[in-house]
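**Student:** I'll drop the sequence and a predicted model, then ask my questions.
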Amino acid sequence: MPARTDFPPVRACLFDMDGLLLDTEDIYTLCINIILEKYGRSNLPWSIKARLQGRPGPEANALFHDWAKLPIPEAEYMTEYAALQQKHFPEAKPLPGVELLLANLGRTRWFEKPKAQGQGHRVHIALATSSNSKNFAVKTDNWTELFAVFESHRRVLGDDPRIKPGRGKPMPDIYLLALKTINESLPEGEKPITPEECLVFEDSVPGVEAGRRAGMRVVWAPHPMLKKEFEGREKDILAGRMGEAGEVDLHQLGEHDDGWADYYPDLTNFPYDKYGIVVPPAEVELDPSMKEDLSEDIVAKAS
């Protein structure tokens, strides 16, 4: 099957957080390894870590305990693990290219101004992370300005009650819900965004499958060690064909080299043109109306 090239311009970007926006993956590993060492276990290998990434907490914990077989109750492990996370998560920093990418996408709101119509289009963004509300708050506390680009009603977290138990990544629900939050809050007169007009940003294998099964285009920017772990299977990952969700209908999966997904080592020098995204020049931020927009957003989020 030839790669598709006639995609419509991207109108929405949907972002994972851990390991994609913030460098939390090594922190997760550090916290786990501290506990494993305490109880005489070997460090967490990437072959196991790769299966934990991107999944909701309960599912990831079940997979971990099946492998680790710690000599303590799960509740005791979770208490120790949570304490270590609260200590180390504030150390998380944005990964390369993230700050510029989010700033550039946020600036596309300029195209909603009458004076800018016809120059480009706004790219709406939403967050779709398996992190629960408590961990999200700790991880982002030092980066509130960076995450302010995600309007509060366009943040879908791992403990969102709208996602049914067992329907986290690699199921498509979280990305379909993130798109729903955007469509429900579009400016009056703007037509709803379709899945194929969405670009999912992921680092995990289950996350890529979730995006593909949602009918969306995907950018995969994994941790270097994850990339190494799956060396030779990149085409399966980009097609969503790693079987993370078990047996599924074939029509929900992609094909090798079908054009719907791309690998990037990180998010620096992101090729906006490839996805039909126009970024306004930085000086538009000096326009008084842009500052008014931000003020309105801050007031709305505080109310």
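**Tutor:** It's in.

**Student:** Do you have the helices of the stretch 151-300 of the chain handy? List them.
**Tutor:** In the stretch 151-300 of the chain, the helices defined using DSSP state H, counting those that start in this stretch lie at 173-183, 205-213, 224-229, 234-238, 288-302.

**Student:** So for residue 61, which of those sits nearest?
**Tutor:** Closest approach to residue 61 among the helices of the stretch 151-300 of the chain is made by helix 205-213 (14.7 Å; Cβ to Cβ). In this view, the C-beta of every residue, glycine as well, is placed from N, C-alpha and C.

**Student:** same for the closest one, what does it pack against?
**Tutor:** With contacts taken as 3 or more Cβ pairs under 8 Å, 6 or more residues apart in numbering; DSSP states H and E, helix 205-213 sits against helix 173-183, strand 198-202, strand 217-220, helix 234-238, strand 261-263.

**Student:** ok, now with 10 Å
**Tutor:** If you count contacts as 3 or more Cβ pairs under 10 Å, 6 or more residues apart in numbering; DSSP states H and E, helix 205-213 packs onto helix 46-52, strand 124-128, helix 173-183, strand 198-202, strand 217-220, helix 234-238, strand 261-263.

**Student:** May I see these arranged in a markdown table, with mean neighbour count and distance to residue 288 as well?
**Tutor:** Formatted as a markdown table, the helices and strands packed on helix 205-213 follow (neighbours: other Cβ atoms under 10 Å; distance: least, Cβ to Cβ, whole Å):
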| stretch | mean neighbour count | distance to residue 288 |
| --- | --- | --- |
| helix 46-52 | 17 | 47 |
| strand 124-128 | 25 | 23 |
| helix 173-183 | 22 | 26 |
| strand 198-202 | 26 | 31 |
| strand 217-220 | 24 | 34 |
| helix 234-238 | 19 | 43 |
| strand 261-263 | 18 | 38 |
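
**Student:** Switch these over to a markdown table; also include distance to residue 63 and mean pLDDT.
**Tutor:** Output for the helices and strands packed on helix 205-213, formatted as a markdown table (distance: least, Cβ to Cβ, whole Å; pLDDT from 0 to 100):
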| stretch | distance to residue 63 | mean pLDDT |
| --- | --- | --- |
| helix 46-52 | 5 | 91 |
| strand 124-128 | 21 | 98 |
| helix 173-183 | 18 | 98 |
| strand 198-202 | 19 | 98 |
| strand 217-220 | 21 | 98 |
| helix 234-238 | 18 | 96 |
| strand 261-263 | 24 | 98 |
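
**Student:** Output these in JSON lines, with distance to residue 14 appended to each entry.
**Tutor:** Output for these, formatted as JSON lines (distance: least, Cβ to Cβ, whole Å):
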{"stretch": "helix 46-52", "distance to residue 14": "21"}
{"stretch": "strand 124-128", "distance to residue 14": "5"}
{"stretch": "helix 173-183", "distance to residue 14": "5"}
{"stretch": "strand 198-202", "distance to residue 14": "5"}
{"stretch": "strand 217-220", "distance to residue 14": "10"}
{"stretch": "helix 234-238", "distance to residue 14": "17"}
{"stretch": "strand 261-263", "distance to residue 14": "14"}
